[in-house]
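Undergrad: Structure for the following, please:
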Amino acid sequence: MSRTYKATGINLKTQALGESDKIVTILTREFGLIRAVAPGSRKHNSSLGGRSGMFVVNELLIAKGRSLDKITQAQTLKTYPGLAKDLGKLAASQYLAEIVLCEALSEQPQEELYDLFNEHLHRLEAVSSANLSGVLAHLAHGVFHLLALAGLTPQVQICCLSQHPLKPDFTDPNWQVGFSIPAGGTVSLEARERLRKEGEREMRAEGQRGRGAEEQGEINDQFPVPHAPSAMTPVASTDSAALASTRASGTSAMHWLPNAQTIVVHRQEIPVISCRLSAMELTLLQHLSQPEIMQIDGTRDHDWLSVEQILRQYAQYQLGRPIRSATLIDSYFAANHDATV
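TA: As a prediction, the model looks like this:
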């Protein structure tokens, strides 16, 4: 078996190793996620120096090792220099890379994920640096598509409770819809309120039935019924010793077993509302499933910032870990917002 193999991949993460080496985490088309040493890449005149940088696409020749593979040759196919020139774009790219690192598998082809990630890096690089909402929009678009590829997209077209389609109402300035992260998407506030009221009615009815049963029990204690064949089933004892024992104690030799059915009522759980969306925010979320970002009149930076934060919380919940690069997004857009006010 050959001790070397070829792969085409994009660098997602680097880590210093020793005095002059790097460990590079690479998403490859052919083998998914791999970690390999780039020997001497931290030296000034190393041929692997630039090729081991972030978001560089290389054609690689890799030698297998006991614990870590080693990059022996690298030919650069594509770079994204525009990302490094803008802090917002770079932070958004690292944000997407963190999601890719959570989703990618090792030792399996990852062509779809590889192509999708490169496509969204290309779109981010093409956005004007002065267009803050454009960077946020392309970041949210990329997050939504990555979640979709993993089968984790939130439900934004219909209500998670009623399964009815949701249509934003721009004629009502106070119109809102709920978003529940545990429930997996949007929730009609009217449907949630109906469910809450139904639950309250059922609890009151059960309380009344419980009090009625207690009162009936008190009546039966005062006036015991010796035999109720419709609710009880007699079972004769066939054990002579048990029969003698019951005669000696003066008790009946018949055992009465309940024959009533137990009814289990399953109530639909009332979802927790994580946040409330305006008509514009829901519209933006619903359009993220499209291949391209649609231009919607009246969209503000605040709307895209809200959509990104909703998707961030949802992605962190689904992936089970925080997205660390999100703090860079917060810092960058807060600073730029203050500068433009």
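Undergrad: Can you get me the start-to-end distance on stretch 149-168?
TA: 26 Å (CA to CA, to the nearest Å).
Undergrad: Buried residues, it. List them.
TA: For stretch 149-168, a neighbour-count test (16 or more other CB atoms under 10 Å) marks 149-150, 152-156, 159-161, 166, 168 as buried. Quick note: C-beta positions are derived from backbone N, CA and C, even for glycine.
Undergrad: Quick one: those as TSV, columns for pLDDT too.
TA: Shown next, in TSV, are the buried residues of stretch 149-168 (pLDDT from 0 to 100):
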residue	pLDDT
Leu149	98
Ala150	97
Leu152	97
Thr153	96
Pro154	97
Gln155	97
Val156	97
Cys159	97
Cys160	95
Leu161	94
Leu166	97
Pro168	97
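Undergrad: What about those, which are in helices?
TA: Counted as lying in helices by DSSP state H, out of the buried residues of stretch 149-168, are Leu149.
Undergrad: From Ala326, how far out is Thr4?
TA: Using CB to CB, to the nearest Å, we find Thr4 at a distance of 38 Å from Ala326.
Undergrad: quick one, which of those two is more surrounded?
TA: Ala326 (21 against 12; other CB atoms under 10 Å).
Undergrad: Quick check: that one touching Ala315?
TA: No. Using CB atoms under 8 Å, Ala326 makes no contact with Ala315, being 9.3 Å away.
Undergrad: Ile34 against Leu68, yeah?
TA: No. If you go by CB under 8 Å, Ile34 and Leu68 don't touch, sitting 9.5 Å apart.
Undergrad: Same drill for the two, tell me which one is more crowded.
TA: Comparing Ile34 with Leu68 by neighbour count (other CB under 10 Å), the higher total belongs to Ile34, at 22 against 13.
Undergrad: which residue sits closest to the more buried one in space, ignoring its chain neighbours?
TA: Ile26 (5.3 Å; CB to CB, 6 or more residues apart in numbering).
Undergrad: Checking my notes, that neighbour in a strand, right?
TA: Yes. Under DSSP: H, G, I helix; E, B strand; the rest coil, Ile26 sits within a strand.
Undergrad: what sits opposite Leu61 in the beta ladder?
TA: Lys6, Gln73 (DSSP bridges).
Undergrad: So for it, what pLDDT did the model give?
TA: We have a pLDDT of 97 for Leu61.
Undergrad: which residues touch Lys22?
TA: 14-16, 37-38, 41-42, 52 (CB atoms under 8 Å, 6 or more residues apart in numbering).
Undergrad: secondary structure element for it?
TA: strand 21-28 (DSSP states H and E).
Undergrad: how about the helices of the chain, start to end?
TA: 81-84, 87-103, 111-126, 132-149, 189-222, 240-249, 279-287, 301-319, 326-340.
Undergrad: got the angle between the fourth one and helix 87-103?
TA: What it means is helix 132-149. Helix 132-149 and helix 87-103 are oriented at 10 degrees to each other (axes from the mean of the first three to the mean of the last three CA atoms, to 10 degrees).
Undergrad: Surely His120 and Phe144 touch.
TA: No. Here His120 does not reach Phe144: they are 10.2 Å apart, not a contact under CB under 8 Å.
Undergrad: intersection of neighbour lists for the two?
TA: Common contacts of His120 and Phe144, defined by CB under 8 Å, 6+ apart, are absent altogether.
Undergrad: Next, the closest residue to Trp175 other than its chain neighbours: phi, psi?
TA: Excluding its sequence neighbours, the residue lying closest to Trp175 (CB to CB, 6+ apart) is Asp169, at 4.3 Å. The phi and psi values for Asp169, taken as degrees, to the nearest 10, are phi -110, psi 100.
Undergrad: For Asp169, the count of nearby residues, please.
TA: Neighbours around Asp169, by other CB under 10 Å: 13.
Undergrad: Surely it is in contact with Gln176?
TA: No. Using CB under 8 Å as the test, Asp169 is too far from Gln176 to be in contact (9.5 Å).
Undergrad: if we can go back for a sec, of all the helices of the chain, which one is nearest Gln73?
TA: helix 111-126 (19.9 Å; CB to CB).
Undergrad: Check which helices and strands that closest one sits against.
TA: Other helices and strands packing on helix 111-126, by 3 or more CB pairs under 8 Å, 6 or more residues apart in numbering; DSSP states H and E, are strand 4-17, strand 21-28, helix 81-84, helix 87-103, helix 132-149.
Undergrad: Any buried residues in it, and which?
TA: 113-114, 116-118, 120-121, 123-125.
Undergrad: Is it possible to get JSON lines of those residues that adds distance to Asp301?
TA: Below are the buried residues of helix 111-126 laid out as JSON lines (distance: CB to CB, whole Å):
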{"residue": "Leu113", "distance to Asp301": "30"}
{"residue": "Tyr114", "distance to Asp301": "31"}
{"residue": "Leu116", "distance to Asp301": "26"}
{"residue": "Phe117", "distance to Asp301": "25"}
{"residue": "Asn118", "distance to Asp301": "27"}
{"residue": "His120", "distance to Asp301": "20"}
{"residue": "Leu121", "distance to Asp301": "22"}
{"residue": "Arg123", "distance to Asp301": "18"}
{"residue": "Leu124", "distance to Asp301": "17"}
{"residue": "Glu125", "distance to Asp301": "20"}
